[in-house]
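> I would like to see how this sequence folds:
(chains A and B)
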Amino acid sequence: MAGEKKVPPGKKEKEGMMSNIAKIILTYLTKEIIEKVAEKAPEYFVLMKLWWSGRTIAVIGPTASGKNSLFDRIKDLPPPSQHVQTRGAEGVGNFDVSWGVGGRDKIEFKCKRSINVGGEIDERERFWAQACAGADVVFYLVDFQKLIEDRESSIDRVRGDFKWLASYLKGFKQGVKIHILLNKVDTIKFSGDPEDHRDHIVNLVRDESIKIQDIAHKFLGEQRTAIVGVSPISMIDDYLFRTFFTSVLSEVFAEGTKG
Amino acid sequence: MRNLWLLPDSEQSGVVKALEGRQTKPIHEMIDLGTLPNSFVLGIPESVLRENKDENFVYAQYSKLNNGTALFSCSKRAGNDKTGRTVVITNLQILTCNETPIFPPEANPYAPPADASSMAGFYHADDFHSSNVKLMLEAVKARRFINSFASEQMPNSVNKPQWVPSTKKPLAGPWD
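Have a look, this model is predicted:
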């Protein structure tokens, strides 16, 4: 992340007030509604752009939960021709993200010093702390399909990961935010009106989202304020990715600027 | 010497299982991961794997530990997991100070058939595919004050070994 930013007097309070209002509005909202909000409150998106600029992102999660795909998505890279198991810690390099929200406005932020890591338990024990050490935002990915098909082992793994996070969180950057992404929601069957697709997914993942968030809160205890929330996401469905990722950016920003 | 085989996680269980003798257990229960240097990867770094697409490609590492023991590993592709991701098999040798690495590694007779076939694959690695491993093992003998070695250049690795080959090997010919 870039060095400490100088915040003009009163700006922090303003950010806090704006984000508290917007937090209520934006949770689980559609991209279309967010765009309408942007028209009414363009200042919100200016502040969001400022907040995201220069952030370091860490992406962690179990094996094949979509860590590489998320990096590729936000770097706007085409899907790789060959998927491989990630082992060891590799630099992702600095990259710029330009994310369109609010019609004419774009959030442009620079990701610095991000590290890609594997998802197996031995990789978690060896490299996740290194990947998360300088991160402002940690995305923790859960494979929704696996959660449905192999619930017991998936929940065990999530518990293990949050137990790990509880032990290491004190060593992370102060104020770090953790957002949980339920990936692969595109596997949920849907045949209705495309405009209802998002709501259909949100309704279906609600119980699982609450369950995962409860686990996170239970293990993190007093550190639970680091958790932003749980969002569905899909790395392979363009519409779903754009819809949910825009919401994720807003939610993390809103939580990150909370008083 | 301890001779462990880290088996490919073909079912995406999220746990790398290790076979030592007749016993199979998760690797994190079989060895103390805290003793491994960060530059020592249990497998093949993603960028190295993407750079070397050949089926018979072999990647090796060697690290000296503070307690007088040393680690040698060699890894190669072992097919795809259930969603088509490339997975690897790794032989890990934990050596006392007088022992030297064995390459190609000794197969484990108790391995399941699919893994036994992957283990045998190290014997199919010809001179071209094992040349960097041999180069690294010569460096281990010659460079006594260097602690960590890898058989490939690793520009993307966050935790770099102290020694890697200085030049990249030529690309494989069309017969490979």
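> All the helices of chain B, in order from the start?
B:27-30, B:46-51, B:113-120, B:127-142 (DSSP state H).
> hey, which of these is tucked in deepest?
For the helices of chain B, the largest average neighbour count (mean count of other C-beta atoms under 10 Å in any protein chain shown) is found in helix B:46-51, namely a mean of 20. Every C-beta, even on glycine, is put in place using the N, C-alpha and C of the backbone.
> Reformat the helices of chain B as JSON lines; add mean pLDDT.
Shown next, in JSON lines, are those (pLDDT from 0 to 100):
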{"stretch": "helix B:27-30", "mean pLDDT": "97"}
{"stretch": "helix B:46-51", "mean pLDDT": "91"}
{"stretch": "helix B:113-120", "mean pLDDT": "93"}
{"stretch": "helix B:127-142", "mean pLDDT": "91"}
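> which residue packs closest to whichever residue of the stretch 101-250 of chain A sits closest to chain B, ignoring adjacent ones?
In the stretch 101-250 of chain A, the residue that lies nearest chain B is A:D122 (4.7 Å; C-beta to the nearest C-beta). Nearest residue to A:D122, sequence neighbours excluded (C-beta to C-beta, 6 or more residues apart in numbering or on different chains): B:H28, at 4.7 Å.
> Next: B:L19.
In space, and not counting its chain neighbours, B:L19 is closest to B:W5: 4.4 Å by C-beta to C-beta, 6+ apart.
> and what of A:L70?
A:V59 (5.3 Å).
> returning to what we had before: ok, which of the helices of chain B comes nearest A:G256?
helix B:46-51 (29.9 Å; C-beta to C-beta).
> In PDB, list the C-alpha atoms belonging to the closest one.
What follows is helix B:46-51, C-alpha atoms only, in PDB (Å, rounded to 0.1, in the frame of the first residue of the first chain):
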ATOM      1  CA  GLU B  46       3.100 -21.900 -10.100                       C
ATOM      2  CA  SER B  47       5.200 -19.600 -12.400                       C
ATOM      3  CA  VAL B  48       7.800 -22.400 -12.800                       C
ATOM      4  CA  LEU B  49       5.200 -24.900 -13.700                       C
ATOM      5  CA  ARG B  50       3.600 -22.500 -16.300                       C
ATOM      6  CA  GLU B  51       7.000 -21.800 -17.800                       C
END
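> Would you mind writing the CA trace of the helix or strand harbouring A:E251 as CSV?
Per DSSP states H and E, A:E251 falls inside helix A:238-256. The C-alpha coordinates for helix A:238-256 follow below in CSV (Å, rounded to 0.1, in the frame of the first residue of the first chain):
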residue,chain,number,x,y,z
ASP,A,238,-19.4,-11.8,-16.1
TYR,A,239,-22.8,-10.4,-15.1
LEU,A,240,-22.7,-11.9,-11.6
PHE,A,241,-19.0,-10.9,-11.0
ARG,A,242,-19.7,-7.3,-12.0
THR,A,243,-22.8,-7.1,-10.0
PHE,A,244,-21.5,-8.6,-6.8
PHE,A,245,-17.9,-7.1,-7.0
THR,A,246,-19.2,-3.6,-7.2
SER,A,247,-21.2,-4.2,-4.1
VAL,A,248,-18.1,-5.8,-2.4
LEU,A,249,-16.0,-2.6,-3.1
SER,A,250,-18.8,-0.5,-1.6
GLU,A,251,-19.2,-2.6,1.4
VAL,A,252,-15.5,-2.8,2.2
PHE,A,253,-15.2,1.0,1.8
ALA,A,254,-18.2,1.7,4.0
GLU,A,255,-16.8,-0.6,6.7
GLY,A,256,-13.3,0.7,6.3
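> Okay, buried residues for that helix please.
A:240-256 (16 or more other C-beta atoms under 10 Å in any protein chain shown).
> need the strands for chain B, in chain order.
B:2-6, B:17-20, B:23-26, B:58-64, B:70-80, B:86-95, B:148-150 (DSSP state E).
> need those in TSV with mean neighbour count and distance to B:V164, can you?
Below are the strands of chain B laid out as TSV (neighbours: other C-beta atoms under 10 Å in any protein chain shown; distance: least, C-beta to C-beta, whole Å):
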stretch	mean neighbour count	distance to B:V164
strand B:2-6	20	22
strand B:17-20	20	26
strand B:23-26	14	30
strand B:58-64	24	10
strand B:70-80	22	15
strand B:86-95	22	18
strand B:148-150	23	5
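> residue ranges of the strands in the stretch 101-250 of chain A, please?
Using DSSP state E, counting those that start in this stretch, the strands of the stretch 101-250 of chain A run over A:105-111, A:115-116, A:137-143, A:177-183, A:227-232.
> now the fourth one: mean pLDDT?
Throughout strand A:177-183, pLDDT has a mean value of 97.
> now swap in the second one and tell me
In this model, strand A:115-116 has an average pLDDT of 88.
> touching chain B at all, it?
Yes: using C-beta under 8 Å from any C-beta of the partner chain, strand A:115-116 reaches chain B at A:115-116.
> mind listing what that strand pairs with, with the direction of each?
strand A:90-91 (antiparallel) (DSSP bridges).
> And for the last one?
Taking DSSP bridges as the criterion, strand A:227-232 pairs within the sheet with strand A:177-183 (parallel).
> Then the first one?
When pairing is defined by DSSP bridges, strand A:105-111 lines up against strand A:95-101 (antiparallel).
> which residues are contacting the strand it pairs with?
A:31, A:34-35, A:38, A:45, A:48, A:74-76, A:106-111, A:114, A:245-246, A:249-250 (C-beta atoms under 8 Å, 6 or more residues apart in numbering or on different chains).
> what about 10 Å?
Contacts with strand A:95-101, where a contact means C-beta atoms under 10 Å, 6 or more residues apart in numbering or on different chains, come from A:31, A:34-35, A:37-38, A:44-45, A:48-49, A:52-53, A:55, A:57, A:71, A:73-77, A:105-112, A:114, A:242, A:245-247, A:249-250.
> average pLDDT across that strand?
77.
> The strands of the stretch 101-250 of chain A into JSON lines, with extra columns for mean neighbour count and distance to A:H197?
Shown next, in JSON lines, are these (neighbours: other C-beta under 10 Å; distance: least, C-beta to C-beta, whole Å):
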{"stretch": "strand A:105-111", "mean neighbour count": "18", "distance to A:H197": "24"}
{"stretch": "strand A:115-116", "mean neighbour count": "24", "distance to A:H197": "30"}
{"stretch": "strand A:137-143", "mean neighbour count": "25", "distance to A:H197": "20"}
{"stretch": "strand A:177-183", "mean neighbour count": "24", "distance to A:H197": "15"}
{"stretch": "strand A:227-232", "mean neighbour count": "22", "distance to A:H197": "11"}
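> For B:S166, find the nearest of those.
strand A:115-116 (25.9 Å).
> which residues does the residue nearest to A:L70 bridge with?
A:F139.
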